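S.K.: prediction below, plus the sequence it came from.
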Amino acid sequence: MAMSNSILLSLFFISSAALADVQGCSCLRFTYPSFDITNKDDFSFSPGSAIANGSLQITSNTGNLSNQSGRVVYARETLKLWNRKDAALTSFRTEFVLNILPQNGAGEGMAFILTNNSSLPSDSSGQWLGVCNNQTDGAPTNRIVAVEFDTCKSSKDDLDSNHVGLDLNSIKSDKQYPLSNLSIILSSGSDVFVSIKYNSTRHVFLVSIIQYNTTGNGGHTWRETWLVDLSQHLRDEIYLGFAGSTGDYTELNQIKSWNFTTIDDDAVVETRHVRKVFLSLVTLILFPICWFLVLLMRRRVKQQTRLAYCNLEKMIDAHGPIRFKIKELKHATANFSPHRKLGRGGGGTVYLGYLNRLNMEVAVKRVSANNSSSRGEKEFVAEVNTIGKLSHRNLVKLVGLCHEGGELLLVYDYFPMGSLDKHLFSHATVCTSSSDTSTPELTWERRYRIICGVASALDYLHHGSSKRILHRDVKASNVMLDEEYNARLGDFGLARVIQIDGVTHHSTQAVAGTRGYMAHESFFTGHASLDTDVYAFGVFVMEVISGKSPSRSMLYDREELYIVDWTWRHYSEGKVLETADAVLGVVYNEAQMDCTVRLALACCHPNPRERPSMRTAVQVLIGGMPAPDPPFEKPTFVWPLSGKQQEIELRHVGVLFTGQLSFCSKTSTSLTGR
């Protein structure tokens, strides 16, 4: 890896020098592929700055590293703002490799500077980056233009703790851009290649950043143009260099190589003209050969794409979420970078993205390529048509969608806290104060709020929305949490509309649900109903209370029991409170715990007709109705054979069953109203 980086770096500077020769550079040029003690006289160092480990150490790399600031300035010659030959502003380009290595965290950052004042301002550590201080911030007399690489959000004006910005006489950036959404991490300790080009004719800064993967295979890039007239901020004699600082958290701010050259604009124009002529000749030669093939291929691709788009668009409600282009979502997720992956499920992979036009972070679900096209499209359409027009505080919001180029993509609100199961089964604890180290992350109050939120969401789907909707996959991994631990029910890939204007619709043959959450009757009837959603909610409540997975058995008096039977056994023996998650200790509301366990058991009654509705469940949770009294002994599951239709139905399924049930194989499902 070190050798490949070295070769890459050599090629980088050789190509830069060659380009400078072609462009006829004048006035100022230097190249440092690396730094050693022989280069010491070429630079001016502030106290603490030095050359060490083959790099310019902008801030101290020895002793006390906290709350330091520093500057390193090229001392052999200054840059002339005005080109003497034609009395125009000077154009230039510079490339350097920076490396920010955290020591006890990351902070504060560094900057490439052009300034008329080479000395380091006093008290310029922390958020000031060695650019200015509290007294001089924003003063025109600073005479400084800086491209900052900020690694700490130390002021309200900073976007985040990992961004690049343009500073004009102030540390408050005139322009700034977050880099995390592109998987570029400035303080990762890896090399970051930076290219800055200034076009004096158009007054444009072109800034490019590349950070290569640690494996050496590819990398992540960012590129932006900023308008700035240097003559409005700088005088003729300009010092070039770098500034940086640390705060309570420290890092090594290092420049490993540096190349700079001024550019003759006339030569640039001439070079571009030669290149355009050459490319035009090549195009004219290849055009007759390629034109017919390209035209034919484009026509076929357009026809196939248009047909697929129209077929899918017919199945999606005309009015709903935003339609995104695939190009925009690829840019938002850094081309679905593995570093942006949030999670993976049966339906697809979810990536973190940043949408520029909405100025927000989002979760982008990419439907699995190995999911059959028919099934994948059905789940995609189901999710769009069910959740697209829903509005409830406890439902994940669908922002938009994309079906283009063979991709099926759904865009949701992003919740940094992630899904409930990650918190429920991690058993990690956080401190609410410096003296308390025993408070669990999921306190009883938070768990109860989550249960109430999911109940409210299901009540809305079953009884509150204009269309009666079954979720069919209620479980902890499909519940997202916001910063205040409010629940957001999501993942509607299995959801189905079952009633519109009183008419029942049967529309699916897909296997529905997750093992451990599925009601007994669904294995025999092949039907999903409101009752099966209620059953899954009951299992979910037991999961949140106990912190135990419904897919795994537990020992009770040397007997292997799954979560419903395990909870019912505790209830029948008067040990309801012992179902509480061990991490809670005894810190919970006993009355709420007893009420919630009783409700969960009622929801998981083997007879679906004995289960409460979600509206009743909400009333119980908010105290509007008393807690149910389920039987102390779990009733035996006997499917009620009442009527000729059910006999035909069971004969079609091919099973006649009485007695208790743990798990059976999944069957195809259709839908029925309650």
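M.R.: Done, it's in. Numbering: from 1, shown residues only.
S.K.: domains in the chain, by residue range?
M.R.: 2-263, 316-414, 441-637 (automatic domain parsing).
S.K.: turn these into JSON lines, including mean pLDDT.
M.R.: Below are the domains of the chain laid out as JSON lines (pLDDT from 0 to 100):
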{"stretch": "domain 2-263", "mean pLDDT": "87"}
{"stretch": "domain 316-414", "mean pLDDT": "82"}
{"stretch": "domain 441-637", "mean pLDDT": "87"}
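S.K.: how about those in TSV, adding distance to residue 282?
M.R.: (C-beta placed from N, C-alpha, C; glycine too.) Output for those, formatted as TSV (distance: least, Cβ to Cβ, whole Å):
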stretch	distance to residue 282
domain 2-263	19
domain 316-414	27
domain 441-637	49
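S.K.: out of the ones you listed, nearest to residue 284?
M.R.: Nearest of these to residue 284, taken as Cβ to Cβ: domain 2-263 at 24.4 Å.
S.K.: off-centre distance for that closest one?
M.R.: The chain centroid and the centroid of domain 2-263 are separated by 28 Å, computed with Cα atoms, centre = their mean, to the nearest Å.
S.K.: which parts of this protein are helices?
M.R.: 2-22, 265-315, 326-332, 373-387, 420-424, 444-459, 522-525, 530-546, 563-572, 590-603, 614-621, 644-653 (DSSP state H).
S.K.: and the second one, what's its mean pLDDT?
M.R.: Helix 265-315 comes out with an average pLDDT of 66.
S.K.: now tabulate the domains of the chain in JSON lines and tack on mean neighbour count and distance to residue 420.
M.R.: As requested, these are arranged in JSON lines below (neighbours: other Cβ atoms under 10 Å; distance: least, Cβ to Cβ, whole Å):
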{"stretch": "domain 2-263", "mean neighbour count": "19", "distance to residue 420": "24"}
{"stretch": "domain 316-414", "mean neighbour count": "18", "distance to residue 420": "12"}
{"stretch": "domain 441-637", "mean neighbour count": "19", "distance to residue 420": "4"}
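S.K.: so which of the ones you listed gets nearest residue 290?
M.R.: Comparing the domains of the chain under Cβ to Cβ, the one sitting nearest is domain 316-414, at 22.1 Å.
S.K.: distance between the ends of that closest one?
M.R.: Separation of the first and last residues of domain 316-414 by Cα to Cα, to the nearest Å is 23 Å.
S.K.: please apply the same query to stretch 169-177.
M.R.: 18 Å.
S.K.: hmm, who's touching that stretch?
M.R.: 127-129, 131-132, 137-140, 142-145, 148, 150, 155, 157-159, 163-168, 222, 224, 226, 228, 233 (Cβ atoms under 8 Å, 6 or more residues apart in numbering).
S.K.: out of the domains of the chain, which is closest to residue 295?
M.R.: domain 316-414 (19.6 Å).
S.K.: how far out from the middle of the chain is that closest one?
M.R.: How far domain 316-414 lies from its chain's middle: 12 Å, per Cα atoms, centre = their mean.
S.K.: excluding residues flanking it in the chain, which one is nearest residue 252?
M.R.: Leaving aside its sequence neighbours, residue 252 sits nearest to residue 101 (Cβ to Cβ, 6 or more residues apart in numbering; 4.3 Å).
S.K.: the one you found and residue 246 touch, don't they?
M.R.: No - judged on Cβ atoms under 8 Å, residue 101 makes no contact with residue 246 at a distance of 11.6 Å.
S.K.: roughly how far does the residue nearest to residue 252 sit from residue 163?
M.R.: Distance of residue 101 to residue 163, given as Cβ to Cβ, to the nearest Å: 19 Å.
S.K.: do the same with residue 444
M.R.: 39 Å.
S.K.: now swap in residue 248 and tell me
M.R.: 20 Å.
S.K.: which ones are touching the nearest residue to residue 464 once chain neighbours are set aside?
M.R.: Nearest non-adjacent residue to residue 464, counting by Cβ to Cβ, 6+ apart: residue 392, 7.5 Å away. Residue 392 is in contact with 456-457, 460, 464, counting by Cβ under 8 Å, 6+ apart.
S.K.: of those, closest to residue 46?
M.R.: The nearest one, if we look at the contacts of residue 392 relative to residue 46 and count by Cβ to Cβ, is residue 457, at 58.2 Å.
S.K.: residue contacts, that closest one?
M.R.: By Cβ under 8 Å, 6+ apart, the neighbours of residue 457 are 392, 394-395, 487, 489.
S.K.: how about residue 567?
M.R.: By Cβ under 8 Å, 6+ apart, the residues touching residue 567 are 542, 546, 579, 597, 600-601.
S.K.: what's the farthest-apart pair in these?
M.R.: 546 and 601 (12.7 Å).
S.K.: the one residue sitting closest to the centre of the chain - nearest residue in space that isn't next to it in sequence?
M.R.: Nearest to the centroid of the C-alpha atoms of the chain, with distances taken as Cα atoms, centre = their mean, sits residue 352, at 2.2 Å. Take residue 352 and drop its neighbours on the chain: the residue closest to it by Cβ to Cβ, 6+ apart is residue 340, 4.7 Å away.
S.K.: what does residue 123 give?
M.R.: Nearest one to residue 123, counting by Cβ to Cβ, 6+ apart, is residue 133 at 4.6 Å.
S.K.: quick check: the gap between that neighbour and residue 224.
M.R.: Taken as Cβ to Cβ, the span from residue 133 to residue 224 is 28 Å.
S.K.: my guess is residue 404 contacts residue 325, does it?
M.R.: Yes - Residue 404 is within contact range of residue 325, at 6.7 Å (criterion: Cβ under 8 Å).
S.K.: would you map the strands across the stretch 51-200 of the chain?
M.R.: Using DSSP state E, counting those that start in this stretch, the strands of the stretch 51-200 of the chain run over residues 55-57, 69-74, 79-80, 82-83, 88-89, 91-102, 108-115, 144-150, 163-168, 175-178, 192-199.
S.K.: and residue 602, how close does it get to residue 384?
M.R.: Distance from residue 602 to residue 384, by Cβ to Cβ: 34 Å.
S.K.: residue 82 too?
M.R.: Per Cβ to Cβ, residue 82 is found 59 Å from residue 384.
S.K.: likewise for residue 164?
M.R.: In terms of Cβ to Cβ, residue 164 sits 36 Å off from residue 384.
S.K.: hmm, residue 150 is touching residue 164, no?
M.R.: Yes - the criterion here is Cβ under 8 Å, and residue 150 meets it with residue 164 at 7.5 Å.
S.K.: between these two, what contacts are shared?
M.R.: 176, 186.
S.K.: so who does the nearest residue to residue 93 once chain neighbours are set aside touch?
M.R.: Spatial nearest neighbour of residue 93, excluding adjacent residues (Cβ to Cβ, 6+ apart): residue 197 at 4.2 Å. Neighbouring residues of residue 197 by Cβ under 8 Å, 6+ apart: 91-94, 205-206, 263.
S.K.: check those and tell me the two furthest apart.
M.R.: 205 and 263 (13.4 Å).
S.K.: what residues does stretch 207-216 touch?
M.R.: Taking Cβ under 8 Å, 6+ apart as the rule, stretch 207-216 contacts 1, 4-5, 8, 147, 164, 179, 183-185, 188, 190-196, 218-226.
S.K.: to clarify, my last question referred to stretch 328-345.
M.R.: 181-183, 220, 349-357, 362-364, 366, 402, 409, 411, 418-419, 477, 491.
S.K.: also stretch 47-56?
M.R.: 34-37, 39-40, 43, 57-61, 68, 70-72, 99, 120, 242, 254-256, 258.
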